[in-house]
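Asker: sequence first, then the predicted structure, then my questions.
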Number of protein chains: 2
Amino acid sequence: MVKKEEMVVTPWEVRGKIDYEKLIEQFGIKPINKELLERIKKQTGELHYLLRRKIFFAHRDLDWLLDQYEKGNEFYLYTGRGPSGETHLGHLIPWVFTKWLQDKFNVELYFQITDDEKFLFKDNLSLNDTKTFAKSNILDIIALGFNPKKTHIFLNTEYSKTLYKEALRVSKHLTFSTVKAVFGFTNENNVGEIFFTSMQTVPAFLESVRKEKNVPCLIPLAVDQDSHFRITRDILPKLGYYKPAIIHSKFMPGLKGVGKMSSSDLSDTILTTDTEETVGWKISNAFTGQQPTKELQRKLGGNPDICSICQYYKFFFEPDDKKLDDIFRAEKEGTILAHEHKQDLTEKVNKFLKEHQKKREIAKGRIEEFMLRD
Amino acid sequence: MVKKEEMVVTPWEVRGKIDYEKLIEQFGIKPINKELLERIKKQTGELHYLLRRKIFFAHRDLDWLLDQYEKGNEFYLYTGRGPSGETHLGHLIPWVFTKWLQDKFNVELYFQITDDEKFLFKDNLSLNDTKTFAKSNILDIIALGFNPKKTHIFLNTEYSKTLYKEALRVSKHLTFSTVKAVFGFTNENNVGEIFFTSMQTVPAFLESVRKEKNVPCLIPLAVDQDSHFRITRDILPKLGYYKPAIIHSKFMPGLKGVGKMSSSDLSDTILTTDTEETVGWKISNAFTGQQPTKELQRKLGGNPDICSICQYYKFFFEPDDKKLDDIFRAEKEGTILAHEHKQDLTEKVNKFLKEHQKKREIAKGRIEEFMLRD
């Protein structure tokens, strides 16, 4: 009997089958319920498909943030990227949603690139490597169309004159016991890793520092990053700031169908820099879970919930719920075969990437509009 | 029976009676012997009184540094200050010696002000407090007459754009186990404290980074700082740099006669900012160890080795060995009484401070000549 792999969800490792109900319980976060969705819709006029489909599925204090907003106390957004490789489509999920929030609420956004973190936690990466990935990842961020007047991107190593000083204030309230308990660190972790979460906390009050008043913060993130902000939320009131609110997304499934997409298995993911040929090859090798023969598939149908093609539509390539239903039904009823299914998606992905890669090229000349400097 | 207080010498605590022989053994450092003094004299033409009197008493790899120098491989100097209060005379000892080295060898000097450290390790100090002390301490450094063309002073929080990135490289080679063993940290230390020694290591290779070649480094310091650089010396070869050489000073005795002078007991120390009246009052209350009556002192004499007045002359106020001998003899033979002794020293100290305070005033207009900026 094969033992079911244990679920592990930390900022540095995600493996096993992800049980989001269990994560809600383990992390002590709250599911986003109908009432909260209604409150968001009241402000935004519509709901993003990532909310409708419960891909953003949980939160901390989002109700409080809306209370503040309704009272006229504007918030700001904070999200980030750990530059350990090229951007893949899964990374874009929280960013696309963050852009939507920025547009709907017309608010400031801090975008932290943790090149220090990836250097510290990855044996094989130098600071030059993480900086190179950071510069490439920033092109993807800009390509998504964030508002340059309200978006502030920074690398930790380049913005450390401001960040280090603020991180010190955080670190004075944070013991090794706590990071050990929260992250499962041991005595063999390096002292940079141990300090690092202090740096990740800073953008959660950076707008308050810069504006010299207490500004509520909302952090859209993939749920594996939550533990950093449990620490943040514990410490910020001690420094006189609000606890940040958080909204958590699920992980975009990999093409092989399990766990979180990961840049370490390149055939499991589509990179924003992939060529048409690579995309075609990766999707042709994707897991669909269809029946072993064409005839059986026509007869018995498949399961869209485990079909990575269907999941790609759900997470990214089909924002229209009606059309998504049609795709899911075709998979379920066996009216579409794997190779047709894959061909359709390949076309969609390549169409998106062609546009995106054009925008990445244009972004090369626009970087300084977005960068926050000391 | 009173238990003899245990000797403790760490970067953050010095107490008990200091046994320098034992420190040499415990720390694994080498005494500065006659041969080494001769080698220094060959280069400098003379020996500073702090060397002649073995106040700088121990070293690591100073012989190697001289080998390098003799081969034409110039070194640079690195020393520092933890700004937890105003400067006292004891702090000036390594600085005066560092200035002498700079003058004799005509070399670059990095002067690190660890305002981050003092914030992290002192519960009652804010970052504003440590910055305020830093700015005041810098006036003392400049007042000593360092060469502005070759002296680079920086606060860690102000120069962190450069320092943090380099500290990351150090920290990747340093585990909690190691800092625990070296500094005696526990799980309750804060994560800033745990990371900090990485920042203190950076100036030991900063000239190499800035010059893009490997430059030997010599660190003059009070012996309590040695443990930081045991870590530094372990890690630097892994980054491709030389281990720094170190030269260690003893602690200037306090006016009350025991342990290291400390800014925490203000009546035990003379601050560079003290008024004439305060100096007079502090010295009049100093410990001399003289006999209980004038008559007995005349008859039996005192012990210059425990007399704080004699020690002040030895460490600071009488660079002339012949004259120092006379002072010690007078104390020993009972020909000088405490109040005369104290009056003479008060005059010397006040004369020094009057000049020094003038130079501090002038220094206020010269700070930018010395500051290293990102």
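Answerer: Thanks, I have the structure now.

Asker: okay, CA-based contacts and neighbour counts for the rest of this
Answerer: OK.

Asker: and the spatially closest residue to A:Asp234 that is not a sequence neighbour, how far from A:Phe154?
Answerer: What sits nearest to A:Asp234 in space, not counting adjacent residues and going by CA to CA, 6 or more residues apart in numbering or on different chains, is A:Lys243, at 7.6 Å. Using CA to CA, to the nearest Å, we find A:Lys243 at a distance of 22 Å from A:Phe154.

Asker: now swap in A:Gly184 and tell me
Answerer: Distance, A:Gly184 to A:Phe154, by CA to CA: 28 Å.

Asker: and if you look at A:Arg366?
Answerer: In this structure, A:Arg366 and A:Phe154 are 14 Å apart, going by CA to CA.

Asker: out of the two, which sits in the busier spot?
Answerer: A:Phe154 (23 against 15; other CA atoms under 10 Å in any protein chain shown).

Asker: contact residues of the stretch 1-150 of chain A facing chain B?
Answerer: Within the stretch 1-150 of chain A, the residues that sit near chain B (CA under 8 Å from any CA of the partner chain) are A:116, A:120.

Asker: if I pick the closest residue to chain B within the stretch 1-150 of chain A, what's in contact with it?
Answerer: Across the stretch 1-150 of chain A, the shortest distance to chain B (CA to the nearest CA) belongs to A:Leu120, at 5.8 Å. Residues in contact with A:Leu120 (CA atoms under 8 Å, 6 or more residues apart in numbering or on different chains) are A:190, A:192-193, B:168, B:172.

Asker: can you pull the domain assignment for chain A?
Answerer: Here the domain parsing of chain A from automatic domain parsing is A:8-255, A:266-362.

Asker: adding distance to B:Lys250 and mean pLDDT, write these out as a markdown table.
Answerer: Compiled in a markdown table, the domains of chain A are given as follows (distance: least, CA to CA, whole Å; pLDDT from 0 to 100):
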| stretch | distance to B:Lys250 | mean pLDDT |
| --- | --- | --- |
| domain A:8-255 | 30 | 97 |
| domain A:266-362 | 59 | 96 |
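
Asker: what's the closest residue to chain B within the stretch 201-350 of chain A in contact with, if anything?
Answerer: Residue of the stretch 201-350 of chain A nearest chain B, by CA to the nearest CA: A:Leu239 (11.7 Å). Contact partners of A:Leu239, counting by CA under 8 Å, 6+ apart, are A:169-170.

Asker: roughly how far does it sit from B:Asn156?
Answerer: A:Leu239 is 21 Å from B:Asn156, by CA to CA.

Asker: one more: A:Thr288?
Answerer: A:Thr288 is 55 Å from B:Asn156, by CA to CA.

Asker: got the end-to-end distance for stretch A:193-213?
Answerer: End to end - CA to CA - stretch A:193-213 spans 30 Å.

Asker: list the buried residues for that stretch?
Answerer: For stretch A:193-213, the neighbour count (16 or more other CA atoms under 10 Å in any protein chain shown) marks A:193-208 as buried.

Asker: contacts with chain B among these, please.
Answerer: Okay, of those touching chain B (CA under 8 Å from any CA), that's A:193-195.

Asker: with distance to B:Lys180 added, can I get the domains of chain A in CSV?
Answerer: Putting those into CSV (distance: least, CA to CA, whole Å) gives the following:
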stretch, distance to B:Lys180
domain A:8-255, 9
domain A:266-362, 39
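
Asker: mind checking which of the ones you listed is nearest B:Ser308?
Answerer: Among those, the nearest to B:Ser308 by CA to CA is domain A:8-255 (37.9 Å).

Asker: quick one: end-to-end distance for that closest one.
Answerer: Start-to-end, domain A:8-255 (CA to CA) is 20 Å.

Asker: tell me how far stretch A:17-24 is from the chain's mean position?
Answerer: Here stretch A:17-24 shows a centroid-to-chain-centroid distance of 16 Å under the convention CA atoms, centre = their mean, to the nearest Å.

Asker: tell me which residues of that stretch are tucked away?
Answerer: For stretch A:17-24, by 16+ other CA under 10 Å, it's A:18, A:20, A:23-24.

Asker: of the residues you listed, which belong to helices?
Answerer: Counted as lying in helices by DSSP state H, out of those, are A:20, A:23-24.

Asker: want to try TSV for those, with distance to B:Tyr78 as columns?
Answerer: Compiled in TSV, these are given as follows (distance: CA to CA, whole Å):
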residue	distance to B:Tyr78
A:Tyr20	54
A:Leu23	51
A:Ile24	52
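
Asker: closest one of those to A:Ile327?
Answerer: A:Tyr20 (24.2 Å).

Asker: contact partners for the closest one?
Answerer: Counted by CA under 8 Å, 6+ apart, A:Tyr20 has contacts A:Lys250.

Asker: how close does it get to B:Thr293?
Answerer: Taking CA to CA, one finds A:Tyr20 at 84 Å from B:Thr293.

Asker: can you give me the strands for chain A?
Answerer: Applying DSSP state E to chain A gives strands spanning A:8-10, A:13-15, A:30-31, A:56-60, A:76-81, A:109-113, A:151-155, A:217-222, A:245-249.

Asker: partners of the third one, with directions?
Answerer: Yep, that's strand A:30-31 we're talking about. strand A:56-60 (antiparallel) (DSSP bridges).

Asker: contacts for the partner strand, please.
Answerer: The contact list for strand A:56-60, computed with CA under 8 Å, 6+ apart, reads A:24, A:29-32, A:50-51, A:245-250.

Asker: pipe the residues you listed into CSV and attach distance to B:Ile235 per row.
Answerer: Below are the contacts of strand A:56-60 laid out as CSV (distance: CA to CA, whole Å):
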residue, distance to B:Ile235
A:Ile24, 42
A:Ile29, 42
A:Lys30, 45
A:Pro31, 47
A:Ile32, 49
A:Leu50, 48
A:Leu51, 49
A:Ala245, 41
A:Ile246, 39
A:Ile247, 41
A:His248, 40
A:Ser249, 40
A:Lys250, 41
